Structure formats: C-alpha cells, structure tokens
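Novice: Here is the input, now give the coordinates:
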Amino acid sequence: MYLKSCKVLQEKIHKKNVYPFNIPSLQHLQELEFPTNVTFFVGENGSGKSTLLEAIADRCDFNTAGGGRQNSYEVHEAQSALGEFLRLSWLPKITNGFFLRSETFYQFASHIDLLESHPNKYAAFGGKSLHHQSHGESFLSLFMNRFKGKAIYLLDEPEAALSPTRQLSLLKIMKDLEHEAQFIIATHSPILLGYPNATIYNFDCEPIEAIRYEETIHYIVTKRFLHAPEAIFAELFDEERES
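Specialist: As a prediction, the model looks like this:
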C-alpha cells in the first residue's frame with residue numbers, strides 16, 4: 001500500500017458555508033483511511049466524492065484537469081479548493097500515477113495531441129491519438145498502456161465511457177496490478193463496485209462510512225430491477241400519473 005490516509009485540516013477552514021466546504025459529507029470529515037489497494041467512493045451526485053478525489057489528485061501533484069505530474073495544461077475551473085486543506089499520509093510515498101477526470105478527458109486528449117511530436121508520443125495510449133479512438137476505446141487504451149508498475153490511480157467515474165464488457169476489462173487490469181498499484185475510484189457502477197475485497201466509502205452518510213457491496217444503493221437497485229423490472233416500472237409510472 002502507498003496512500004494510507006487523507007486528513008482534512010478542518011481547523012484551517014474559516015469559510016465552511018461556501019463550496020466545497022459546505023458539502024455535508026466533507027464539513028466534518030477528519031480522516032479517511034485506505035486499508036486496501038482498491039477503494040471506492042460512492043454517493044449521489046453532489047455528495048462530495050469527486051471533490052475529495054480531485055483534492056487527493058491535487059496533493060499528489062497530478063493535473064486536476066486530468067493526467068499525471070508531467071501533464072501541464074489549463075482547463076477552466078479545474079483547480080481544487082479543498083486540496084490545500086488536505087494532508088496525505090504515505091507508506092512509502094510514490095510519485096507515479098494518473099488522475100482520470102471523465103468530464104475533461106477530451107481536453108486531456110487534445111493536450112497529448114499538442115505535445116511536441118516524437119516517435120513515442122502515443123505509446124501510452126495504444127499508439128495513436130485518443131481523438132482517433134472512440135470514447136470507450138480511448139479510456140481502455142489508457143488503462144491498458146499507461147497503467148503499469150508502482151503507482152496510484154485516481155479515477156473519477158471511469159464507467160462514463162465504458163460498456164459493461166469494457167468495465168469487466170478494467171476490473172481485469174486492476175486485478176493484474178493488485179500487487180503494484182493502488183486505485184481510488186469514484187463511481188456509480190455496480191459492476192466496478194463488485195471488485196473483491198475492496199473498501200467502499202458511502203458519501204451519502206454523515207460521517208462518511210465504510211459499507212459492504214451488498215449495502216450500496218447501486219447493488220440494491222440494480223438487483224431489484226433485474227429481478228423484477230415490471231414492478232419498478234409500475235412504481236415509477238404510477239408516481240408520474242399521481243403527480
């Protein structure tokens with residue numbers, strides 16, 4: 001393991017009524033530990049999981065718009081306000097890794113295209129421009145070619161571009177790297193969340209708490225829908241008529 005925990009310096013935050021410090025899950029967060037090599041952040045949109053992941057990326061000196069330490073480019077509002085109030089505890093500390101920010105991946109791909117041309121320009125991305133691959137193919141090319149060795153990988157909703165089959169491919173990549181790499185992933189995917197023996201933190205709770213896979217709303221809703229979709233539709237459509 002590399003990143004052991006992150007600590008929020010609450011005593012240094014003086015304006016807790018403004019974003020992102022007013023997010024309920026983060027308002028009183030003191031410390032979060034990472035006891036396994038795979039950790040998931042789950043919660044509804046706006047629950048703070050991506051905000052914390054971005055702050056961790058900031059403290060790792062990764063580009064908060066997406067990329068690693070060597071990727072320098074600008075994206076509007078890609079800075080992390082929480083980052084300066086976060087302290088990371090390492091054992092040992094590593095500098096290699098990558099932050100995948102799904103919503104700005106297009107800009108990251110453009111950044112790679114604009115780099116000075118050389119023979120190995122696209123070596124970490126399947127040998128060709130990410131813009132010359134489908135969205136899902138570009139994500140998978142990144143995972144297959146860039147992810148290797150001792151590193152920490154921070155992924156913000158990687159399932160956004162991945163089919164269910166490609167999500168399984170990502171799980172296989174993670175498994176192949178389990179003795180070398182650490183993953184922290186913010187996700188809504190019940191497939192990814194099924195990774196064996198992962199730590200899952202629920203950001204819909206105050207304070208944030210670890211839960212089992214079967215306790216996640218993602219698992220519960222998906223299982224219920226697959227078992228009885230007609231019942232789900234009946235509830236949804238009856239509610240619409242009543243409203």
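Novice: which residues touch stretch 219-236?
Specialist: Residues outside stretch 219-236 that contact it (CB atoms under 8 Å, 6 or more residues apart in numbering): 190, 193-194, 213-214. For every residue, glycine as well, the C-beta is placed using N, CA and C.
Novice: mind checking how far the nearest residue to L142 once chain neighbours are set aside is from K12?
Specialist: Distances taken as CB to CB, 6 or more residues apart in numbering put F125 closest to L142, at 6.0 Å, once the chain neighbours are dropped. Separation of F125 from K12 (CB to CB, to the nearest Å): 39 Å.
Novice: Look at the two and report which has more neighbours.
Specialist: Neighbour totals were compared for F125 and K12, and F125 leads with 19 against 8 (other CB atoms under 10 Å).
Novice: For the chain, name the helix or strand with the lowest mean pLDDT.
Specialist: Lowest mean confidence among the helices and strands of the chain (mean pLDDT, DSSP states H and E): helix 105-114, at a mean of 69.
Novice: coming back round to it: turn the buried ones among the contacts of stretch 219-236 into a named PyMOL selection, would you?
Specialist: Remark: buried members of the contacts of stretch 219-236, expressed as a PyMOL selection using 16 or more other CB atoms under 10 Å:
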select buried, resi 190+193+194+213
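Novice: where do the helices sit along this structure?
Specialist: Here the chain has its helices, by DSSP state H, at 24-27, 49-59, 105-114, 135-146, 164-176, 217-227, 229-242.
Novice: In CSV: those helices, plus mean neighbour count.
Specialist: Shown next, in CSV, are the helices of the chain (neighbours: other CB atoms under 10 Å):
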stretch, mean neighbour count
helix 24-27, 20
helix 49-59, 24
helix 105-114, 17
helix 135-146, 19
helix 164-176, 15
helix 217-227, 13
helix 229-242, 9
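Novice: Of all these, which one is nearest Y201?
Specialist: Ranking these by their distance to Y201 (criterion: CB to CB) puts helix 49-59 first, at 7.9 Å.
Novice: could I get the closest one in CSV with only the CA atoms?
Specialist: Taking Å, rounded to 0.1, in the frame of the first residue of the first chain, the C-alpha atoms of helix 49-59 are listed here in CSV:
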residue,chain,number,x,y,z
LYS,A,49,-16.9,12.0,-3.7
SER,A,50,-15.4,13.6,-6.8
THR,A,51,-14.5,16.7,-4.9
LEU,A,52,-12.4,14.7,-2.4
LEU,A,53,-10.9,12.6,-5.2
GLU,A,54,-9.8,15.8,-7.0
ALA,A,55,-8.3,17.2,-3.8
ILE,A,56,-6.2,14.0,-3.4
ALA,A,57,-5.1,14.4,-7.0
ASP,A,58,-4.1,17.9,-6.2
ARG,A,59,-2.0,16.8,-3.3
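Novice: H135 versus P24, what's the distance?
Specialist: Distance of P24 to H135, computed by CB to CB: 32 Å.
Novice: Quick one: low-confidence residue ranges for the chain.
Specialist: 68-79, 103-106, 109, 111, 116-119, 124, 239-243 (pLDDT under 70).
Novice: Swap in 50 and give it another go.
Specialist: 77-78 (pLDDT under 50).
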